[in-house]
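# coordinates only, sequence not included:
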Ligand SMILES: Cc1cc2nc3c(=O)[nH]c(=O)nc-3n(C[C@H](O)[C@H](O)[C@H](O)COP(=O)(O)O)c2cc1C
Ligand code: SF4
Ligand code: FES
């Protein structure tokens, strides 16, 4: 999509597949060699100093997580690359796997070395058969070239990596559900603590990181923490992959340094709204992200600033809704998504979402009243606060943001605010306009 | 119908490991000409892995990519998440259903097409998107969707003809 100067972390070129040959020619695997020769302590220091944070949603410091696994007395340890990418509107991990697979494999191998894991899995969603095919081939090639397997680069470090396929459950992207899934059980979440770093796969210390997080690592080792920090801001270092979709002129994947504003992303990279249209809402972070009104789009893409503005960067999906869209329709689409993906283990999520869906149906059909909006608001609080895992909590957050910023649109659907004769729905909208 | 030796081979490839049940289920389903997990396959898997059938069913039914119903040669999956919904998924789905005379979740009586509604395909930069077996089609309109079906029908016919003449 254009504008990004090619000295970032991913340097996206939409139609270019980087083969192992090409990757090695352009300096690939130098970072693994460097890590192995300078030792784990020094390399881990570099990751910690880079201030890299998890790109799978929770933004946990990556170096610290590696340190937690490394510090464990148990020496059988695992690493899992989370490639479940189930967040609707997100396609960044798919790009990494299908275009720069060796950057990911190198990152996983370095992270395994630093955490002391000798066995790893890439958990790839079943919906991505082409990514699975490419990765299986890439793993075989890396093994043939001695970049995976026994005694890598003659260092004495051995590491085996396998692909594990998901089977169409969004919830399995949640790290503890993912563990259950690999262990052959239903993909239901477990209680935390213990965290996977303490007791993960088969109760052994396990490092779980997102694809994008791990694919950052070779560049950090190769070019150094200060280079990496110089790409972003004081608060948030490095770059972020953004999946841009919705009512804009140009959709696609971009890499941006932290600190750029959402408005810049949407206007400079996405070309802004379509001709004659205005932005009504922007959904940031996928279905589990929030709906953000245009007034907040000057917020910079930074962890702290976003947290203060109530924006969840999440997976980095940005989905634009223009003024032709109904907020309620969009909220309902997500609700149905969450209802379908809920595992039913806890009541606030299972029943709360079902009740919320019923109220939304009523609202959209014009059969609800203001008291239903109040009930929905109350349920939303319960779903947000009492759900067992991140799925229910996120579903609550998304509902909450719509009720906070677009309450008038909910109210406009209420019977009290619709003209009884002729079915005119505009009474309240005119008032609030 | 799947032969039990195929199921045995698949389990063998996975080292007979109970923990790899999910991978076994996916592989058996992939190997089945009707792309599903038949009752015979479930029985065979339970027998060889020495686990209760209920355990196999419970895992199989938890995951939406595993089907307990026979499916068509062309599996058309329509993405229903918000980016595709907003980009016109409803009309595309309607056109597909009308063209095939079936609803989502159903298979045509000749066993050639199945339509399913699924979550994001990671192709939202070209929504509305659908996937036919492993191929993604994006920026769809109802007209384009109907054209794709016509091409698949032709591909199927040609396949029938060539395999016929080979024998
Ligand atoms: C419902 C749910 C779904 C999730 N899906 C994913 C996913 O598809 N990919 C991912 O990397 N993380 C996902 N996560 C976050 C993981 O639990 C975990 O935080 C992450 O993989 C850690 O990696 P990171 O530290 O590199 O971000 C999900 C969390 C929840 C609650
Ligand atoms: S919040 Fe939802 S998905 Fe998570 S455990 Fe409870 S029912 Fe299951
Ligand atoms: S929302 Fe349809 S492909 Fe992503």
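Thanks, I have it. Model, not experiment: these values are computed from the prediction. Numbers count the residues shown, from 1 in each chain, chains lettered A, B, ... in the order given. Ligands and ions are numbered 1, 2, ... in the order given.
# got the residue ranges for the helices in chain B?
Taking DSSP state H to define them, one finds helices in chain B at B:4-13, B:21-31, B:39-49, B:53-62, B:82-86, B:89-100, B:142-166.
# residues touching the closest residue to ligand 2 within chain B, list them.
Using Cβ to the nearest ligand atom, the closest approach of chain B to ligand 2 is made by residue B:62 at 11.5 Å. In short, each C-beta sits where N, CA and C put it, glycine included. Residue B:62 makes contact with A:169, A:186-187, according to Cβ atoms under 8 Å, 6 or more residues apart in numbering or on different chains.
# among those, which are located in strands?
Cross-referencing the contacts of residue B:62 against strands under DSSP state E gives no overlap.
# need those residues in TSV (columns: pLDDT).
Converted to TSV, these look like this (pLDDT from 0 to 100):
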residue	pLDDT
A:169	96
A:186	88
A:187	91
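# list just the nearest of those residues to residue A:42.
Using Cβ to Cβ, residue A:187 is the member of these that lies nearest residue A:42, at 37.7 Å.
# quick check, the closest one in contact with residue A:180.
Yes: assessed by Cβ atoms under 8 Å, residue A:187 is found in contact with residue A:180 at 5.5 Å.
# of these two, who's got more company?
More neighbours surround residue A:187 than the other of residue A:187 and residue A:180, with 26 against 18 (other Cβ atoms under 10 Å in any protein chain shown).
# from residue A:196, how far out is that one?
14 Å (Cβ to Cβ, to the nearest Å).
# and chain B, what are its domains?
Domains of chain B are assigned by automatic domain parsing as B:4-62, B:74-160.
# format the helices of chain B as CSV; extra columns: distance to residue A:140.
Formatted as CSV, those follow (distance: least, Cβ to Cβ, whole Å):
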stretch, distance to residue A:140
helix B:4-13, 15
helix B:21-31, 17
helix B:39-49, 27
helix B:53-62, 28
helix B:82-86, 34
helix B:89-100, 37
helix B:142-166, 30
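# can you tell me which of the ones you listed the model trusts least?
In terms of average pLDDT, helix B:142-166 trails the rest of the helices of chain B, at a mean of 87.
# does ligand 1 have contacts with the helix or strand containing residue A:79?
Here residue A:79 sits within strand A:78-83, counting by DSSP states H and E. Yes: judged by Cβ under 6 Å from any ligand atom, strand A:78-83 and ligand 1 are in contact via residue A:82.
# next SSE downstream of that strand?
Counting by DSSP H and E, the next helix or strand C-terminal to strand A:78-83 is helix A:92-99.
# could you confirm whether that next one reaches chain B?
Yes: using Cβ under 8 Å from any Cβ of the partner chain, helix A:92-99 reaches chain B at residue A:94.
# domain ranges for chain A, per the record?
A:20-230, A:240-322, A:327-417.
# what parts of chain B come near ligand 3?
By the rule Cβ under 6 Å from any ligand atom, the part of chain B lying against ligand 3 is B:79, B:81, B:83-84, B:120-121, B:123-124, B:127, B:129.
# among the residues you listed, name the buried ones.
Among the residues of chain B next to ligand 3, those buried by neighbour count (16 or more other Cβ atoms under 10 Å in any protein chain shown) are B:79, B:81, B:83-84, B:120-121, B:123-124, B:127, B:129.
# ok, residue 145 - contacts?
Unless you meant another one, I'm taking chain A. For residue A:145, the contacting residues are residue A:20, by Cβ under 8 Å, 6+ apart.
# looking at chain B here, not the other one
Shown in contact with residue B:145 (Cβ under 8 Å, 6+ apart): B:92, B:95-96, B:99, B:130, B:137.
# what is the burial count for residue A:160?
Residues lying near residue A:160 (other Cβ under 10 Å) number 15.
# ok, now how distant is residue A:50 from residue A:236?
Distance, residue A:50 to residue A:236, by Cβ to Cβ: 12 Å.
# who has more neighbours, these two?
Neighbour tally, residue A:50 and residue A:236, criterion other Cβ under 10 Å: the higher count belongs to residue A:50, 27 against 24.
# report pLDDT for the more buried one.
Predicted confidence (pLDDT) for residue A:50: 98.
# that one reaches residue A:229, doesn't it?
Yes: with contact defined as Cβ under 8 Å, residue A:50 reaches residue A:229; the gap is 6.4 Å.
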